[in-house]
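Asker: Give me the fold of what follows.
(2 chains)
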Amino acid sequence: MTHAERERAYRALSLARALDERMWRLARAGRAHFAVPCSGHEAIGVGYAMAMRPGVDWLAPHYRDLAALLVLGMPPRDVMLCFFSRPSDPNAAGRQPYAHFGSRKLHVLSQQGPQPNHASHGVGCAWGSKLLGDGSVTVIAFGDGGAQKGEAHESMNVAAIHKLPCVFVVHRNGWTQSVKRSDQYATETLVARAAGYGIPGIAVDGMDVEAMHAAASEAIERARAGDGPTLIDAACVRFMPNTSNDDDSRYRDRAEVDAQRASGDPLLRARALVAADFAARVDAENTALAEDAAEWAEAQPLGDPATVMEHAYA
Amino acid sequence: MRELTVIEAVREALGEEMARDERVIVLGEDVGKLGGVFRATEGLFDRFGAARVIDMPMAETVIAGVSVGLAMRGMRPVAEIQFADFIHASMDHLVGEAAKIRWRTGGDWSCPMVLRTAYGGGFRGGPYHSQSVEAYYAHAPGLKVVAPSTPADAKGLLIAAIRDPDPVLVLEHKRTYRAIRGHVPEGDYVVPIGRAAVAREGRDVTVLAWGMMLHESLAAAETLASEGIDAEVIDLRTLAPLDRETILASLAKTRRLCVVHEDTITMGLGAELCALAAEADVLDMPPVRVAMPDIPGIPVDDNLEDAVLPNRATIRSALVRLVARERSRSSGAANRAAYDPGIPQASSVIEVALPEEHTRLAVDALVQAARAFPRFNATFAWTGIVEHADVVIDLDLGPSSPANGRGTITLIDYGPAGSDLAIPFMRPGQTAAVRIGAVRDGRAYVACAVDHRAVDGADVGRFLATFKSAVESRSLRHPELVDNGVR
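Answerer: Numbering: from 1, shown residues only, chains lettered A, B, ... in the order given. Have a look, this model is predicted:
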């Protein structure tokens, strides 16, 4: 990464964290229905979003991909509209809870509840790129929980068969809500699965933004060159409970998580890549941005019941 | 006029749309060189190439899933699921995704995909190659479901589906593919989604059907025409959203409904169609459904499959029964009961020619009428109406010879001392009582009272007409029955 890229990455990591913490506090205070924290995952999304061509490439995001959306251009106020589920939310129009991202303008495919149904949507999107010959690449991200479903297998298989221009990224945090890694799959990582589809696999430290950016850049360019998909196994730690409805003290040791956070926090590691005063200034700006966005979004009107039938059909 | 089979019409629609719009692609199992197991895509691979006619792995989830993604991206995918029985692996993408994408994004995204599948039984396919699946998908708002039955509709509805801005499931009955042949317009031909067609006009009963059952219903309607039953058969064509206007217009005319479908009966589309009619209050009597019994699968054995699939004979007998049933309401312009000359205008009183001495004759006539109308010789109980096997007349000839209350129907006759006309009182446990007034100039008024929980008003008129006819014919033919004996 160039110096400017490191600063840009830091800015996004810091903003994601500021929004994340703000949303967590507001949800806990009962001011919103639902928070889905992304802390620990931010460097993965910043890595691929910065490797993507803005306005050209497409993202079928993970629900912890707030940082990637910020890089792609989603303003903090739109994030907070999504968080407060307001009808003016460009992601889900007050019809879906927070973290069901989507924006045609930003080339982010609309997200759903069942994981990882967007895997095949991303493959279809990539197939569209190939048929249209527009040179665009689709990044498809899901968790290691989602990776266990037949949907993920079928999607990677089809993308491999047709050498579709896409990249699969597994945000591998080792947990599917409360179910630990060894109850989800029998291997340590998922990268070996790539060989099963005849595609390259890359194992990467997903909390190292530079390593993640390098891996994503390599995979995206391979896809753009017509050489087909790549599977990236991006290891990370979920610092927070699964959602604001989860109590992770029932199934994991918080002290262990705190220790992993102290040593591996992608934001702290990225801070070492930029000047201290730059980081401090950016953090302060982002805290203010997050507060402004939350206050503004919360004040936006709730839905009009007369509109609930709208958009069922064209 | 050019005629095609249904499968040829499907093939023509796909070819024409692929030629018209480069965004249209076909994907599915065996759709490439084989041309599909039913040959719906025959010739497309050679004409348009492997990039647009795509053989997919045997993985129905991803066939639907990539179609969603292709459609979101602006392509016009036409996916084929080889047999409707395999579609359930696609359901998450059809119901959970395609149907919701426009709504869940406030119109930011759309999903103009088409998924075609072959459904229906009648060809010994067994439980996994014969199912009708429409009820699952017609239940999903946001998804459109069409089910063409004729070659012209197979072409026109498929073209409409491909051009539709929303996801459309096209259900093609596999038995129509080669069995049904008909005129198909050449070139650009669109049949609008959401409009049913009156396949046969009639005035007595409305039959709602689609797929192969449409053709069976039409055949049943033809055999009934010679018997004076004029059935209107409506080809629904689109199952979601329903064409309520055409359905209700027909029911307003016939006021009788029969729904025919191959799908199992409980929670089938027939239930929704009957509810539609009931809520609109357009029926004179309960609707009838002719459908598959609630069995987990369609059996492959010849006898067993034939026994469970609706067909022209079972439809015919359902229609005969439905039309024979008397109307249960007195409203409506087409109410025949209002014009039935067999029913006197004041249906609870009738004037009868009667000799002065007539008790034995009246008892015999009442027995005859009660046997013809068992509801008049019954007991109403909250658990149901019990019709008695024997007719026991409870005869009330006045204060000196009152009824004993042990009969199944009461006959009151006070003779010349009585009133010309009076209301008969029913005894507990009976559903009817008849009173003969005093005979004046060889004629008397006969009144009838009934328990209306058991007996309909129009039937009182028929019952009295039967009584009158029995009395009058027997008094002429059997003068020996006229006596004053039983007192």
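Asker: and residue A:202, helix, strand or coil?
Answerer: Under DSSP: H, G, I helix; E, B strand; the rest coil, the three-state class of residue A:202 is strand.
Asker: Please verify my assumption that it contacts residue A:191.
Answerer: Yes. Applying CB atoms under 8 Å, one finds residue A:202 in contact with residue A:191, separated by 6.9 Å. C-beta here means a position set from N, CA and C on the backbone, and glycine is covered the same way.
Asker: Report the set of residues contacting both of these two.
Answerer: Listed as contacting both residue A:202 and residue A:191 by CB atoms under 8 Å, 6 or more residues apart in numbering or on different chains are A:231, A:233.
Asker: just for the chain, where's the confidence low?
Answerer: Answering for chain A, as no chain was given. For chain A, not a single residue meets the criterion pLDDT under 70.
Asker: wrong one, chain B
Answerer: For chain B (pLDDT under 70), the answer is B:326-347, B:475-487.
Asker: hmm, 80 instead?
Answerer: Filtered on pLDDT under 80, chain B yields the residue ranges B:326-347, B:405, B:474-487.
Asker: element containing whatever residue of it ends up closest to chain A?
Answerer: Here the residue of chain B nearest chain A is residue B:69; by CB to the nearest CB that distance is 2.1 Å. Using DSSP states H and E, residue B:69 sits in helix B:60-72.
Asker: And that helix, how far out from the chain middle?
Answerer: 36 Å (CA atoms, centre = their mean, to the nearest Å).
Asker: Over to stretch A:138-149?
Answerer: 11 Å.
Asker: what's the span of it, first residue to last?
Answerer: 20 Å (CA to CA, to the nearest Å).
Asker: what comes up buried for that stretch?
Answerer: A:138-149 (16 or more other CB atoms under 10 Å in any protein chain shown).
Asker: try stretch B:157-174
Answerer: B:157-164, B:166-174.
Asker: from these, which ones fall inside strands?
Answerer: B:168-173 (DSSP state E).
Asker: can the residues you listed go into CSV with extra columns for distance to residue B:397?
Answerer: Below are those laid out as CSV (distance: CB to CB, whole Å):
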residue, distance to residue B:397
B:168, 75
B:169, 73
B:170, 75
B:171, 70
B:172, 73
B:173, 68
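Asker: and those residues near chain A, which?
Answerer: With the criterion set as CB under 8 Å from any CB of the partner chain, no member of those is near chain A.
Asker: In the stretch 201-314 of chain A, which residue sits closest to chain B?
Answerer: Closest point on the stretch 201-314 of chain A to chain B, by CB to the nearest CB, is residue A:314, at 3.8 Å.
Asker: nearest residue to that residue other than its sequence neighbours?
Answerer: Among residues not flanking residue A:314 along the chain, residue B:165 sits closest, at 3.8 Å (CB to CB, 6 or more residues apart in numbering or on different chains).
Asker: Where do the strands of the stretch 1-150 of chain B begin and end?
Answerer: B:3-5, B:24-28, B:53-55, B:76-81, B:114-119, B:144-146 (DSSP state E, counting those that start in this stretch).
Asker: what does the stretch 101-250 of chain A give?
Answerer: A:138-143, A:166-172, A:175-176, A:179-180, A:201-205, A:230-235.
Asker: distance of the residue in the stretch 151-300 of chain A positioned nearest to chain B from residue B:232?
Answerer: Residue of the stretch 151-300 of chain A nearest chain B, by CB to the nearest CB: residue A:154 (3.6 Å). Relative to residue B:232, residue A:154 is positioned 47 Å away (CB to CB, to the nearest Å).
Asker: ok, the two, which is more surrounded?
Answerer: residue A:154 (24 against 21; other CB atoms under 10 Å in any protein chain shown).
Asker: near chain B, which residues of the stretch 201-314 of chain A?
Answerer: For the stretch 201-314 of chain A, the residues in contact with chain B (CB under 8 Å from any CB) are A:310-314.
Asker: JSON lines for those residues, including secondary structure and neighbour count?
Answerer: Output for those, formatted as JSON lines (DSSP: H, G, I helix; E, B strand; the rest coil; neighbours: other CB atoms under 10 Å in any protein chain shown):
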{"residue": "A:310", "secondary structure": "coil", "neighbour count": "15"}
{"residue": "A:311", "secondary structure": "coil", "neighbour count": "21"}
{"residue": "A:312", "secondary structure": "coil", "neighbour count": "15"}
{"residue": "A:313", "secondary structure": "coil", "neighbour count": "19"}
{"residue": "A:314", "secondary structure": "coil", "neighbour count": "10"}
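Asker: follow-up on the earlier one: output the buried residues of stretch A:138-149 in TSV, with distance to residue B:137 appended to each entry.
Answerer: Shown next, in TSV, are these (distance: CB to CB, whole Å):
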residue	distance to residue B:137
A:138	28
A:139	32
A:140	27
A:141	30
A:142	27
A:143	30
A:144	32
A:145	28
A:146	25
A:147	29
A:148	28
A:149	22
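Asker: Can you tell me which of these is closest to chain B?
Answerer: Distances from chain B to those, taken by CB to the nearest CB, are shortest for residue A:138, at 8.3 Å.
Asker: Residue B:17 and residue B:26 touch, don't they?
Answerer: No. Residue B:17 is not in contact with residue B:26 according to CB under 8 Å; the separation is 9.6 Å.
Asker: for the residue of the stretch 201-314 of chain A closest to chain B, what are its contacts?
Answerer: B:102, B:110, B:164-166.
Asker: May I have the helix holding residue B:69 as PDB, with CA atoms only?
Answerer: What follows is helix B:60-72, C-alpha atoms only, in PDB (Å, rounded to 0.1, in the frame of the first residue of the first chain):
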ATOM      1  CA  GLU B  60     -31.400 -26.700  -8.300                       C
ATOM      2  CA  THR B  61     -30.400 -24.200  -5.600                       C
ATOM      3  CA  VAL B  62     -27.700 -22.600  -7.600                       C
ATOM      4  CA  ILE B  63     -29.700 -22.700 -10.800                       C
ATOM      5  CA  ALA B  64     -32.300 -20.400  -9.100                       C
ATOM      6  CA  GLY B  65     -29.600 -18.500  -7.200                       C
ATOM      7  CA  VAL B  66     -27.500 -17.500 -10.200                       C
ATOM      8  CA  SER B  67     -30.700 -16.600 -12.000                       C
ATOM      9  CA  VAL B  68     -31.500 -14.100  -9.200                       C
ATOM     10  CA  GLY B  69     -28.000 -12.700  -9.500                       C
ATOM     11  CA  LEU B  70     -28.200 -12.500 -13.300                       C
ATOM     12  CA  ALA B  71     -31.600 -10.800 -13.100                       C
ATOM     13  CA  MET B  72     -30.400  -8.300 -10.500                       C
END
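Asker: For the stretch 51-200 of chain A, which residues are neighbours of chain B?
Answerer: A:58, A:60, A:87, A:90-96, A:100, A:102-104, A:109-110, A:112-114, A:117, A:119-129, A:131-132, A:150-151, A:154-155, A:157-158, A:161.
Asker: Turn the buried ones among those residues into a named PyMOL selection, would you?
Answerer: Buried subset of those, written as a PyMOL selection, criterion 16+ other CB under 10 Å:
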select buried, chain A and resi 58+60+87+90+91+92+93+94+95+96+100+102+103+109+110+112+117+119+120+121+122+123+124+125+126+127+128+129+131+151+154+155+157+158
